[in-house]
Structure formats: C-alpha cells, structure tokens
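S.K.: Sharing a sequence plus its predicted fold:
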Amino acid sequence: MKKGLIVLTLVLVLLTTNVFALKFFFIPKMIGENFFEVAGKGALEMGEQLGVEVIYDGPSEASVSEQVRYINTAINMGADAILISSNSPTGLNQALKRARDRGVLVLTWDSDVTPSYRDYYINQGTPDILGRLLVQMVENQIGTIPTGETLKVAFHYSSPTVTDQNAWTNVAKEIIKNEKPNWEIVTTQYSDMNFPKAVSTAEQILNTYPDIDAIICPDSTAFPGTAKAVENLNKSGEIAVVGFTTPSVIKPYIERGTVLQGGLWDAGLQGAASVYVAYQMLENNVTYEVGDSFTIPGVLGEFDVLANSEQGYDKEFDDLDKNGLIVLPERLIFTRYNVDKYNF
C-alpha cells in the first residue's frame, strides 16, 4: 500500500511541476522603463499561451556589466533560451558565447550584438527604415526649407555605444548629409536612459542653441525628457521634437501640443515574437530561412526574415547558419488623431 502511494505521489509531482517546460530568460537593457516593461509583458503573456516559463528581469540601469551578470545567472539556472536587448554591440559577446557553448539559444530583440554571437535578431525595422522615419517626422512638421535658410537640428539619445540607436542615427545623418543640403546638425548629446539627465541635457541643448529648429531623439527616455525640457523653457510650438517611445509616455506631450509626432513599433509584440520564435525553434525545430515570411496566430501582418547585411553588417555574416533578422510587420507614427488608439 505504501509503495502504491509513493508511486502515485511521484506521478502527481511530475504532472504539477511540468518538468519538461522550457525556461526562457527575457532580459531588457534596464527594468522600470516603460518600453521594456511593455515588451516584458508581451513576452510573459506569450509564455503563458505556449506553456513556457519566461523570467523577465534585468539591471536597474543600462549597464553592460550588469547584463553580463544576468546572462551568467540565466546559464546557471538552466536557461533554454536567452532573449536580450543589448546595451552594447560587442560587450555581451563573450558571455553569450558561453551560453551558446552550453546549448542555450540566444535571440536579441530591440538592440543587437555581433551576429555570430546570437541566432536571430527580432528586429523592429532596419536602420534604413527607422533612420528615414526620424527624418520624415521632422519634415512632416517643418516642411520645405526656403532657399538660403538653414534648419538647425540636434540629436539626443542614450549612448554613443548602444547598438540600435546609433545605427538609426547614422542613417539619419547620412540622409541629412546627402539629401538635405540646408539642414545643419549642430550637436549630438547623450543622457544614458536617465530621465532627469535627459531633461537637463535637452535644456542645455536649447540654451546653447537658442535658434535650434528640431531635436531628434531615437531613444524612449531622451524623447519625453526633451519634450519636458521644451515645456520647462516655455518653447512649446517653437521646436520640432521627434523620436521613438511608447504612445502612453508621449501622449501627454502630444495632448499639450509640445510634440506633434512620435514613432515606435509594438513593443509588446516584439517581446511576444521573441518568445514565439524561440519556442518554435526549440519545441518544433523550426528554421527561419532568409527570404521567408511567416505569421504568428492572432497577429496582423507578416514577419520577414532578412539577411544580417540588411542591418548594415558585413556580408560575411550572411553565411551564418540559422541566423538573420526577423523584422516586425509595421512601424507606427503617433499623432493627436490616433494616440488614443494604442494601449501600451
């Protein structure tokens, strides 16, 4: 009788602990910032749908060394996959190599590492797409500059080393250089994804260049920080402030007329897609080949699989096996006419 009870107990334990569940670590650049919280929520919800354990955690400030620590923790805790938005294009490479050497699947999302140290990059849009979108949002507000006049522009974002924002900025600067002869880039400043610092940095830009026409902020903290600085200095309506952040963060500034347009992509979908792709690869042995397109149940639009060189990488990275960019279906522009439609 005791033997039967022991066997029954063991069966119940196996059923309730779900020992075969996959374990994914979803690591943002930093926790507490709205963009990453929205992405984390999407990842957790997709994990629930698929029966995957998703652990969302990361550093409290944008730190490469802290992300390395979280990667090592994930390895030690038996991660099946690490899904990470990197604070550096190269600073996480060796930590991720250790993970892959132990059989851990590595996907990046939002911000990439060197392609040979991950499998796929769940990509919000190539630098060409997003760099041009930044310029377009300024043009939408400023219009055509009369001959002989100069449009003075500043860039303000998190860091000179962060992967994604620098890639978009470089493209935007090339577009300005080659296509906008009467635009002048007067400065580029950084504020480390710290909101008070973003406000003070933007105030310094505005005070140093009182005749500035536009500030471009490809960073979800610098963008609202710059809008706040414009309001602090009573310059609303005088300067075009554009950039990327979640609609819920920029909505108050749009409602007050300080910001006319802001852009982004569905951060929650980016988190969910990261978990979905990792699950399909590990559970169903799905391989995503460059040139493929696929859909996710319940999501409008197709995800395209592109070569790494579309992100600006050397062609040599296109030869990596089971590797490339997986691009979200769409980018968004928020205005006073549509910002209420979005709930993230």
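M.R.: In hand now; what should we look at?
S.K.: Over to residue 83. Which of the three states is it?
M.R.: strand (DSSP: H, G, I helix; E, B strand; the rest coil).
S.K.: Can you tell me how far it is from residue 272?
M.R.: Separation of residue 83 from residue 272 (C-beta to C-beta, to the nearest Å): 11 Å. Placement of C-beta: from N, CA and C, glycine included.
S.K.: Comparing those two, which shows the higher neighbour count?
M.R.: The neighbour comparison of residue 83 against residue 272 (other C-beta atoms under 10 Å) goes to residue 83, with 28 against 25.
S.K.: and the more buried one, bridged to which residues?
M.R.: Beta bridges link residue 83 to residue 26, residue 107, judged by DSSP bridges.
S.K.: That one is in contact with residue 274, isn't it?
M.R.: Yes: counting by C-beta atoms under 8 Å, residue 83 touches residue 274, with 4.5 Å between them.
S.K.: Common neighbours of these two, please.
M.R.: Taking C-beta atoms under 8 Å, 6 or more residues apart in numbering as the contact rule, the neighbours common to residue 83 and residue 274 are 26, 43, 107, 109, 122.
S.K.: which of those residues lies closest to residue 248?
M.R.: Closest approach to residue 248 among the shared contacts of residue 83 and residue 274 (C-beta to C-beta): residue 43, at 18.1 Å.
S.K.: before we move on, the earlier item: common neighbours of residue 83 and residue 272, please.
M.R.: By C-beta under 8 Å, 6+ apart, residue 83 and residue 272 have these common neighbours: residue 43.
S.K.: Secondary structure element for residue 38, which one?
M.R.: Assigned by DSSP states H and E, residue 38 belongs to helix 34-50.
S.K.: can I have that helix written out in PDB, keeping just the CAs?
M.R.: The C-alpha trace of helix 34-50 is given here as PDB (Å, rounded to 0.1, in the frame of the first residue of the first chain):
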ATOM      1  CA  ASN A  34       8.100  51.800 -19.900                       C
ATOM      2  CA  PHE A  35       9.200  50.500 -23.300                       C
ATOM      3  CA  PHE A  36      10.900  47.500 -21.700                       C
ATOM      4  CA  GLU A  37       8.100  46.900 -19.300                       C
ATOM      5  CA  VAL A  38       5.700  46.700 -22.200                       C
ATOM      6  CA  ALA A  39       8.000  44.300 -24.100                       C
ATOM      7  CA  GLY A  40       8.400  42.200 -20.900                       C
ATOM      8  CA  LYS A  41       4.600  42.000 -20.500                       C
ATOM      9  CA  GLY A  42       4.300  40.800 -24.100                       C
ATOM     10  CA  ALA A  43       6.900  38.100 -23.500                       C
ATOM     11  CA  LEU A  44       5.300  36.900 -20.300                       C
ATOM     12  CA  GLU A  45       1.900  36.700 -21.900                       C
ATOM     13  CA  MET A  46       3.200  34.700 -24.900                       C
ATOM     14  CA  GLY A  47       5.000  32.400 -22.500                       C
ATOM     15  CA  GLU A  48       1.700  31.700 -20.700                       C
ATOM     16  CA  GLN A  49       0.000  30.900 -24.000                       C
ATOM     17  CA  LEU A  50       2.700  28.500 -25.000                       C
END
